[in-house]
Structures are given as C-alpha cells and as structure tokens.
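[1] got a predicted structure plus its sequence, pasted below:
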Amino acid sequence: MNKPKIAWITDTTASLSKDFIEQHQIHVIPLHVVINDEFYKETIDISQQEFYERMKNDDGKFQTSQTAISDFVDLYKILKEEYDFGIAIHASSLLTGTYQSSVMAAEMEDFKLFAIDSQTGSYPLSFLVKKGIELVEQGLGPDEVVGQLNALREHTRLYLVPSNLDQLHKSGRVSGGQKILASLFNIKPILSIEDGGAAKIKDKVRTEKKAQTWLVNRLKEDLETKAVSKVAIVHANDIERAAGLEQLVNETFPDIKTELMMLITVAGVHTGVGTLGLSWVCE
C-alpha cells in the first residue's frame, strides 16, 4: 500500500530556516505587517532585520494585518490536486486569525486538512512542525500526530522581555501612566504565551539583570521535573544582548543546546525593538 502524500503547511511565525522549508517542502503562508499603512508580506517583502531597523529609525505606525483567506484558498486549490491531505500547524488563534483562515479555506476548497492551533509561535511552533514531520516519518497516522502535538502544546514556553514599553503603549497594551512609571523605576514586564495561547504579563521585575535571572530560574524549575534538549534565545534585532543571555544559559545549563533566533515581527510590532526572551519545549 502506497504511503499517503502529505502536504505540510504553516505560517511565517514558525521561524523555520529556508533550508528546512525546502528540504521538507513545507508551504509557508506569510503574515502581514503594516508600516505607515503600507502592507508587507513577512520574510517576502521585508526581512525581520529590515523591519526592526525601520521600527528603530522611522517614525510612524507599525501594525499587523490579518492574512488574506485568498492566500490559503489559492494554496489549497493547488495542493488538493497533488496531495492526499494536509497537516497545518499555525500560530496561536488568540493572537492571529491565521488558523481560522486556514481551516475555512480548506473547507471552501474541499481540501482534507488536519489543522492544529499551536497556541504559541516562534521557536515552540517550529518545534511542533519538526516534531510532526518526525512522527509521520515514524509511521504515525495524521490523527495520532494531531493528538501528540496537541498534547505537547501545554509544555511549550515562550517568555519575552520588552526593552521598554514604547510599542506596548502605542499598540494599546499598556497605558501612558504605566509607561511613565515603568520608565521611572526601570521596571521590566515579562510577557508569557499561555492559557491556550494568550499573551499575558507574567511578572514585573526591576532591571534587565533581574529579568534574565527570572528567565533562567523558570527554565531551572522545569528541568527539575522535565527534560529540555534545546533553548532558543529570541531577540528583536539585538544580537549583542541576545549573545549575553545565551552565554548565561550556556554557563548555567552546559548540557543544553542553544540557538539564537530573531523574534517574529508580528510579535515585535507589540513588544518593540530590543525585546529579549527565552523559549523551550518540555519533552
């Protein structure tokens, strides 16, 4: 019996490398960012580095925009002619409508799709895509793959520390008063993606050093009862500070692999240039 031909679908929030995408023929739908009312497809019309450089140097509005459902319709129209079905793994449905658009487009085109709301983004989403491909290669069927990936979601961690509250204020996430107080007292909010994929302020600490210690301590807590093979240091175009955090992680946990990863721009729109964070998946 021939193996079914499976199409893999995700979006640019997965931060997958170009080589991995090509090797596994993954179909990646770009999310949109908007700079002063001009639309850009993430990673196609504008790179992450270019986006953050413009955010740092340009005046004006930086926003995100819903992925057009027509992008998925056009893709699934082609895929249903070539594949038996698709497995789609998308960014948190509480942060973007990409998952909903993907499911709706598949129904419109009568394309058999096993869709997963990752309830996260960035490194954990890339982990789930890679894990899904690995499970299929091991011989698991699509229902089993979906079940295992859904079970993994609650074991993903993504913490972000904005360098300041400028963008969170501009996007309406914090008030002007909160921004002034945070600036006066050098308060660093720590954001977490949790509770089904929502972004929440998990804690507030004084100084960047304390924020980095907080991140490392959360990893330490997980390692007391769980296994973690790799940690991603995510940053919004601040490689120097990211390398410093990576060094701290390497010194504290010498047996764990680390990877530097640029923060997805749809998150950076809200958290701003210089955001730093840690992400891992408990296996």
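    Sure thing, it's come through. Numbers count the residues shown, from 1 in each chain.

[2] residue 113 against residue 102, yeah?
    Yes. Between residue 113 and residue 102 there is a contact under CB atoms under 8 Å: 7.3 Å. C-beta: built from backbone N, CA, C; applies to glycine.

[3] so which of these two has more stuff around it?
    Neighbours per residue (other CB atoms under 10 Å) separate residue 113 from residue 102, with residue 102 holding more: 29 against 22.

[4] list the buried residues of the stretch of helix or strand that one belongs to.
    Assigned by DSSP states H and E, residue 102 belongs to helix 98-109. Within helix 98-109, the residues scored as buried using 16 or more other CB atoms under 10 Å are 98-103, 105-106, 109.

[5] ditto for stretch 240-260
    So stretch 240-260, judged by 16+ other CB under 10 Å, has buried residues 241-242, 245-246, 248-249, 253, 256, 258.

[6] do the same with stretch 86-98
    Within stretch 86-98, the residues scored as buried using 16+ other CB under 10 Å are 86-93, 95-96, 98.

[7] now for the residues you listed, which pair is the farthest apart?
    86 and 95 (22.0 Å; CB to CB).

[8] circling back: any shared contact partners between residue 113 and residue 102?
    Common neighbours of residue 113 and residue 102, counting by CB atoms under 8 Å, 6 or more residues apart in numbering, are 9, 88.

[9] so residue 56, which of the three states?
    When classified by DSSP: H, G, I helix; E, B strand; the rest coil, residue 56 comes out as helix.

[10] wait, a strand at residue 202?
    Yes. With three-state DSSP as the criterion, residue 202 is part of a strand.

[11] find the nearest non-adjacent residue to it, please.
    Counting by CB to CB, 6 or more residues apart in numbering, residue 202 lies nearest to residue 192, which is 3.9 Å off, once chain neighbours are set aside.

[12] and that neighbour, bridged to which residues?
    Following DSSP bridges, residue 192 is listed with bridge partners residue 159, residue 200.

[13] contact partners for it?
    Shown in contact with residue 192 (CB under 8 Å, 6+ apart): 157-160, 199-202.

[14] if you set the cut-off to 7 Å instead, what comes out?
    When contacts are counted by CB atoms under 7 Å, 6 or more residues apart in numbering, residue 192 touches 159, 200, 202.

[15] spit out the contact partners of the first one.
    This means residue 159. 190-192, 202, 215, 218, 277-278 are the contacts of residue 159 under CB under 7 Å, 6+ apart.

[16] ok, which stretches of this structure are strands?
    Per DSSP state E, the chain carries strands over the ranges 6-11, 26-29, 32-35, 38-41, 62-65, 85-90, 113-117, 156-161, 187-194, 198-206, 230-235, 257-262, 276-281.

[17] what packs against the longest one?
    Helices and strands touching strand 198-206, as assessed by 3 or more CB pairs under 7 Å, 6 or more residues apart in numbering; DSSP states H and E, comprise strand 187-194, helix 208-223.

[18] apply 10 Å and report the result again.
    strand 156-161, helix 176-184, strand 187-194, helix 208-223, helix 265-271 (3 or more CB pairs under 10 Å, 6 or more residues apart in numbering; DSSP states H and E).

[19] and this structure, what are its domains?
    Per automatic domain parsing, the domain ranges recorded for the chain read 6-31+67-153, 155-281.

[20] any chance of TSV for the ones you listed, columns distance to residue 43 and mean pLDDT?
    Conversion of the domains of the chain to TSV gives the following (distance: least, CB to CB, whole Å; pLDDT from 0 to 100):
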stretch	distance to residue 43	mean pLDDT
domain 6-31+67-153	5	96
domain 155-281	9	86
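
[21] what about the nearest residue to residue 87 once chain neighbours are set aside, distance to residue 65?
    Spatial nearest neighbour of residue 87, chain neighbours left out: residue 114 (4.8 Å); criterion: CB to CB, 6+ apart. Distance, residue 114 to residue 65, using CB to CB, to the nearest Å: 27 Å.

[22] ok, now residue 50?
    17 Å.

[23] one step back: which two among the buried residues of stretch 240-260 are spaced furthest apart?
    The largest separation in the buried residues of stretch 240-260, counting by CB to CB, is between 241 and 256 at 19.7 Å.

[24] next, count neighbours for residue 84.
    14.

[25] report how many residues lie close to the nearest residue to it once chain neighbours are set aside.
    Once flanking residues are discounted, residue 84 sits nearest to residue 4: 4.0 Å by CB to CB, 6+ apart. Neighbour count of residue 4, defined by other CB under 10 Å: 12.

[26] measure residue 4 to residue 233 for me?
    From residue 4 across to residue 233, the span is 37 Å (CB to CB).
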